[in-house]
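1. Mind folding the following:
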Amino acid sequence: MNVVGTVIIRSLTKAQALKIIKSIKDYGPLLLLLQQAFNQNQEGKALKQKEQAYERLTKCLQDVQQREIIVIPGAFNSTPTFVEIFQAAALGAIPLVLLSGVKAIERVGASLDGIRSELAISNVSKIQGWGDGGFGAYVHRFVQNEMTVVYGAGDEHRFFYVWHPDTDWHPRFEERQREEPLGASFGGYHNDLATICMRMRADREALSRTTEYGRAAIFHLIIPAYCPLVIDHPIAFSYGLLPLVVTGGRHRGTDLVWFNLARATEQLTLNYIGTLPQKSINPVFKGGIVGTMGCMLSALGGGVASIVFPPFAPVAASALVTATFHGVLFASLTAGVTGEIYEGLTKQTTQVLGNPIFLE
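-> Numbers count the residues shown, from 1 in each chain. Model (predicted):
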């Protein structure tokens, strides 16, 4: 349900993005756009022919999906410059699946398992103090409190955003926002993490173009929660979003928001955000490594023993040429290689949040 007079802005569609790059006659900018798309300097440098850059960028844009977001009246990013940059950006589909219920608790482990029986909405709502306004009013108050704490700590340029995967709370939140606006520093909210990060990245670009403090401004991503929000897919926040502070929700002192964070940096601050433990090494690969190392250590031990106690040399040499030893070594190496191939095929690629492609 949209409020009357609500302004919604939309990013580029795949067709629009492809039309723009086809209209670019100078292939030079395409190399830069391709570099943005993959967020790796070497991509542009590695392409020797300009036509290859065009083809790679076109392929990259095949997965683009149009995103839309509400413009907050009176917000710092409601001016034409900020709106136009978001509208000139494209973003590929980022498949981030949230684990729910038992799967989320099992993936996190003891931290959430200890409050498993308390994770009913009725229990959480009482402890968090939603009141008659429900979760939407609570989110509004959560943002207000964060702003109060942050602004009390200094006078840096800070801007605030909200992500939560549900949308049921939006009407009540919008109602509270009309009654008591959060102010110009509130940049917006969305139910899709990739979209709100894209908005933040576009805002950073606009701030950098229009102010002296744009690159140093601190962004705050607030994630209220009434149930576990667990992203098991490896993610990383774009360097273009930094410095960034991410603040999650809690229940009885336990973090409810958990990320599988692929990289950390000094400019990324996590408040009440849990980081998932790394998954164990594939047992086949592990067994192969252990077996191979065992054979190598046995051979090394035999060699050392032959030097220290020469009469043992014939015995050590005989052991190294036995079929059993070679069989164990071959099996261990095979298991190790097989496990490594499996790891490579099943390893999830890191999704970088906040990397829109600016086509202007």
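2. Please enumerate the helices of the stretch 101-250 of the chain.
-> Remark: helices assigned in the stretch 101-250 of the chain by DSSP state H, counting those that start in this stretch are 101-108, 110-113, 121-128, 134-153, 170-179, 193-210.
3. how about the ones you listed in JSON lines, adding mean neighbour count, distance to Ile218 and mean pLDDT?
-> (Glycine included, C-beta is placed from N, CA and C.) Converted to JSON lines, the helices of the stretch 101-250 of the chain look like this (neighbours: other CB atoms under 10 Å; distance: least, CB to CB, whole Å; pLDDT from 0 to 100):
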{"stretch": "helix 101-108", "mean neighbour count": "16", "distance to Ile218": "28", "mean pLDDT": "91"}
{"stretch": "helix 110-113", "mean neighbour count": "14", "distance to Ile218": "28", "mean pLDDT": "88"}
{"stretch": "helix 121-128", "mean neighbour count": "14", "distance to Ile218": "26", "mean pLDDT": "89"}
{"stretch": "helix 134-153", "mean neighbour count": "17", "distance to Ile218": "8", "mean pLDDT": "89"}
{"stretch": "helix 170-179", "mean neighbour count": "17", "distance to Ile218": "22", "mean pLDDT": "95"}
{"stretch": "helix 193-210", "mean neighbour count": "22", "distance to Ile218": "11", "mean pLDDT": "96"}
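4. can those go into JSON lines with extra columns for distance to Ile8?
-> As requested, the helices of the stretch 101-250 of the chain are exported to JSON lines (distance: least, CB to CB, whole Å):
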{"stretch": "helix 101-108", "distance to Ile8": "31"}
{"stretch": "helix 110-113", "distance to Ile8": "36"}
{"stretch": "helix 121-128", "distance to Ile8": "29"}
{"stretch": "helix 134-153", "distance to Ile8": "19"}
{"stretch": "helix 170-179", "distance to Ile8": "13"}
{"stretch": "helix 193-210", "distance to Ile8": "12"}
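5. And the ones you listed: which comes nearest Gln62?
-> Closest of the helices of the stretch 101-250 of the chain to Gln62 is helix 193-210, at 16.8 Å (criterion: CB to CB).
6. just for the chain, where's the confidence low?
-> Applying pLDDT under 70 to the chain flags the ranges 1-5, 24-54, 152-155, 279-348, 359-360.
7. May I see the domains of it written out as residue ranges?
-> Residue ranges for the domains of the chain, per automatic domain parsing: 7-63, 96-279, 283-345.
8. so His251 bridges to which residues?
-> Counting by DSSP bridges, His251 is bridged to Thr254.
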